[in-house]
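1. need a structure here:
(one chain, ligands or ions: 1)
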Amino acid sequence: MKILITGSNGLLGQKLLYKLRIDDSVDLVATSKGENRVTVRDGYAYHSLDITNKAALEELISTQKPDVVINTAAMTNVDLCEDKKESCDVLNVDAVQYLANACARIDAQLIHISTDFIFDGEDGPYTEEDMPNPLSYYGLSKLKSEQLLQVHSVKWTILRTIIVFGVGENLSKGNIVLWAKEALAKGDSLNIIDDQFRAPTLAEDLADICILAAKKKALGIFNASGKDIMSIYEIVERVAKYYGNSTNNLNKISTATLNQKAVRPPKTGFILDKSINELGYRPHSFEECLAIMDEQLKTIH
Ligand SMILES: NC(=O)c1ccc[n+]([C@@H]2O[C@H](COP(=O)([O-])OP(=O)(O)OC[C@H]3O[C@@H](n4cnc5c(N)ncnc54)[C@H](OP(=O)(O)O)[C@@H]3O)[C@@H](O)[C@H]2O)c1
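-> Next up, the predicted model:
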């Protein structure tokens with residue numbers, strides 16, 4: 001099976017790359033915008049690909065002829081999407097259309113990653129059938145990408161995820177668990193919101209469900225988050241407890257005090273029954289995720 005990944009320099013992209021490069025049943029083509037920033041170079045081919053470049057995308061997919069394309073590339077900064085709506089649409093919507101068209105031409109499966117931000121967070125956790133109602137432009141752009149796939153002839157799979165975290169190399173952005181670990185170790189006083197609830201997702205778990213969906217040729221929508229739902233405050237508190245840090249410097253604050261550009265849904269989280277039963281998805285508990293990350297950090301530093 002030939003698998004092509006977009007956004008392989010990103011957190012999910014890197015996890016997919018590391019898992020698939022050693023999978024003998026997979027011929028792997030990694031692509032991302034610009035140079036390859038992953039240091040390990042064997043077990044896969046790398047091609048620079050900006051997925052907003054329609055001609056380059058069509059050329060690469062028609063020559064590579066993958067069986068599956070996993071699209072991890074996106075504009076993921078929620079506040080930036082609010083400010084730069086056009087750029088957000090080009091990457092999060094238009095490029096998905098180009099990918100769908102190119103995949104349909106060679107009968108490839110397109111696995112696309114979406115988000116809990118398509119929901120308003122009034123009645124989470126959500127099933128795959130619940131009604132979207134995005135509050136932010138990022139959420140709207142991801143919903144538009146879902147909707148264009150749902151009426152497309154391509155073999156599509158949508159995996160919806162929530163706060164992706166993990167250890168990567170040369171990443172262009174951080175994630176909450178790594179940030180919390182470092183800030184707690186410094187003993188900083190931290191103000192953390194306790195009125196938003198999420199199910200944070202280890203990047204390895206998300207990579208696993210992408211691979212399950214590819215190997216099982218599973219089509220449709222699947223929830224693909226972590227299994228523990230908690231407030232943002234509790235995420236940081238559980239990181240503190242895991243590392244034996246004091247929680248005395250942790251202060252609870254409300255979302256309203258932050259004045260963020262994009263509105264966030266108060267309570268999301270996903271019901272994972274469909275992914276567990278149909279795909280065999282087995283996400284780790286939050287503390288198991290921390291242990292996996294900790295092992296990786298020990299080998300890096
Ligand atoms: N992170 C989260 O908390 C979260 C939550 C819900 C859903 N998701 C979804 O999960 C997916 C993966 O997220 P992630 O955290 O792995 O994202 P990420 O770390 O930001 O990775 C995205 C990668 O795509 C690359 N990229 C950006 N523009 C591109 C373009 N035009 N063409 C090709 N590649 C491009 C980025 O390159 P550079 O590194 O050079 O910028 C980056 O390496 C995304 O679809 C995201 O919307 C993420």
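2. can you get me a residue count around residue 173?
-> Neighbourhood size, residue 173 [other Cβ atoms under 10 Å]: 9. Where C-beta positions appear, they are placed from N, C-alpha and C, glycine not excepted.
3. element containing it, please.
-> For residue 173, there is no helix or strand it lies in under DSSP states H and E.
4. check contacts around it.
-> 76, 77 (Cβ atoms under 8 Å, 6 or more residues apart in numbering).
5. what does residue 269 give?
-> Counting by Cβ under 8 Å, 6+ apart, residue 269 has contacts 116, 124, 125, 126, 162, 197, 198, 199, 225, 229.
6. among these, who's most crowded?
-> In the contacts of residue 269, the most neighbours by other Cβ under 10 Å go to residue 225, 32 neighbours.
7. and what about that one, helix, strand or coil?
-> The three-state label given to residue 225 by DSSP: H, G, I helix; E, B strand; the rest coil is coil.
8. closest one of the contacts of residue 269 to residue 275?
-> residue 225 (9.0 Å; Cβ to Cβ).
9. residues contacting the closest one?
-> Residues counted as contacts of residue 225 (Cβ under 8 Å, 6+ apart) are 116, 160, 161, 162, 199, 200, 201, 269, 270, 272, 283.
10. how far away from the center of its chain is stretch 241-255?
-> 26 Å (Cα atoms, centre = their mean, to the nearest Å).
11. show me what counts as buried in that stretch.
-> Judged by neighbour count (16 or more other Cβ atoms under 10 Å), stretch 241-255 contains these buried residues: 242, 245, 250.
12. restrict the contacts of residue 269 to contacts with the ligand.
-> Among those, the residues within reach of the ligand (Cβ under 6 Å from any ligand atom) are residue 162.
13. from the contacts of residue 269, which ones fall inside helices?
-> With helices taken from DSSP state H, there is no overlap with those.
14. any chance of the contacts of residue 269 in JSON lines, with pLDDT too?
-> Rendered in JSON lines, the data for the contacts of residue 269 read as follows (pLDDT from 0 to 100):
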{"residue": "116", "pLDDT": "98"}
{"residue": "124", "pLDDT": "97"}
{"residue": "125", "pLDDT": "98"}
{"residue": "126", "pLDDT": "98"}
{"residue": "162", "pLDDT": "98"}
{"residue": "197", "pLDDT": "98"}
{"residue": "198", "pLDDT": "98"}
{"residue": "199", "pLDDT": "98"}
{"residue": "225", "pLDDT": "98"}
{"residue": "229", "pLDDT": "98"}
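15. and the contacts of residue 269 as TSV, adding distance to residue 297?
-> What follows is the contacts of residue 269, written out as TSV (distance: Cβ to Cβ, whole Å):
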residue	distance to residue 297
116	26
124	31
125	30
126	32
162	22
197	27
198	22
199	22
225	23
229	25
